[in-house]
Each structure stands twice: as C-alpha cells, then as structure tokens.
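Visitor: quick one, what's the 3D model for this:
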Amino acid sequence: MPDDCIFCAIVAGDIPATKIDEDDRVVAFMDINPATRGHTLVIPRQHADNVLEIDEEDLAAAVKMGQRIAKRAVRGLGADGVNLLNSCGEHAWQTVFHFHLHVIPRYQGDPLQLPWIPHPGDQEDIAAAAAVLRSTS
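Guide: Model (predicted):
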C-alpha cells in the first residue's frame, strides 16, 4: 500500500468520505467531484493500482457493488441510466492509481457525452485485433 494513496487512506479511515455501502472486500463512497448527482466510486480495500493488478475476487466484488449502487441510483434518485466506468493507466484518464469503478447515474438532458464519436471500424483491422486478443494469454 503506497503511503500517499488517498483511497487507501479512506479505507483506513484516515480521510473522511461519504460512504454509501461497504463489505469485507470493497467500499463505495460519493465522488467529491461528481459528474452527475449520485456519482459514486467503488474501491477494493486491498490496494491494487488498476484493473490489470486487482485480485479477481476483489474485481468481482467491485462490479457487484457497482450494480447494487446503480440499481439504487435508478430507484432512489430517478436516474434514467447508469455508466460504469474504469480508467486503467494515465493514457486512459486514470488519475488516482488505486483501482476504482465509477458509478455515474445518467439523467435525460445531462451534459455528459461519450469521450469518443463512434464510427464504423475497418473490418480487417477488427479481425486482426480479435485474432491477437484470442491468442494472447
């Protein structure tokens, strides 16, 4: 556990957070820079820098908690949809290097947009990338 990890400090209780739910593997708390009303972060108690390093059981627990929070956002906050988002690495917009899953409630007319504009892909490149992904362990 890095000494300067803000999320580890939240897990340890050294930094306050507005917790929503927790269990023996993960903690869910409100994002202090919310994208929308109800924006929640789900983190593992055990430090892992990103999705490539997180324990598989912690990852499963984070996704399950994310689903529970998403359902609460729809039922309780009236969200029209929910994004579950994880950024892995600096070039993927990760800014806190402790795995976290964003649960972002979506509302009709909210200002958030996809970070890319979907365009049809090159079918040969799609097939080539698929072949590499299938054959890589």
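
Visitor: how far off centre is stretch 109-125?
Guide: Mean C-alpha position of stretch 109-125 versus that of the full chain (CA atoms, centre = their mean, to the nearest Å) differs by 19 Å.

Visitor: show the average pLDDT along that stretch.
Guide: On average, the pLDDT along stretch 109-125 is 91.

Visitor: what is the neighbour count of I104?
Guide: For I104, the neighbour count with other CB atoms under 10 Å is 23. C-beta: built from backbone N, CA, C; applies to glycine.

Visitor: run through the bridge partners of it.
Guide: Using DSSP bridges, the bridge partners assigned to I104 are N83.

Visitor: pLDDT wise, what is it at?
Guide: So I104 comes in at 98 (pLDDT).

Visitor: would you indicate which residues of stretch 62-74 are buried?
Guide: Buried residues in stretch 62-74, counted by 16 or more other CB atoms under 10 Å: A62, M65, G66, R68, I69, A70, R72, A73.

Visitor: for the residue positioned nearest the centre of the chain, which non-adjacent residue is spatially closest?
Guide: The centroid of the chain falls nearest to L101 when counting by CA atoms, centre = their mean (1.5 Å). Leaving aside its chain neighbours, L101 sits nearest to V42 (4.4 Å; criterion: CB to CB, 6 or more residues apart in numbering).

Visitor: what's near enough to touch that neighbour?
Guide: By CB atoms under 8 Å, 6 or more residues apart in numbering, V42 lies in contact with V26, V27, A28, A62, M65, G66, I69, H100, L101, V103.

Visitor: now, the residues you listed that are in helices?
Guide: Mapping the contacts of V42 onto helices (DSSP state H) picks out A62, M65, G66, I69.

Visitor: you'd agree A60 is in a helix?
Guide: Yes: under DSSP: H, G, I helix; E, B strand; the rest coil, A60 falls within a helix.

Visitor: before we move on, back to that, gap between the residue nearest to L101 and V63?
Guide: 8 Å (CB to CB, to the nearest Å).
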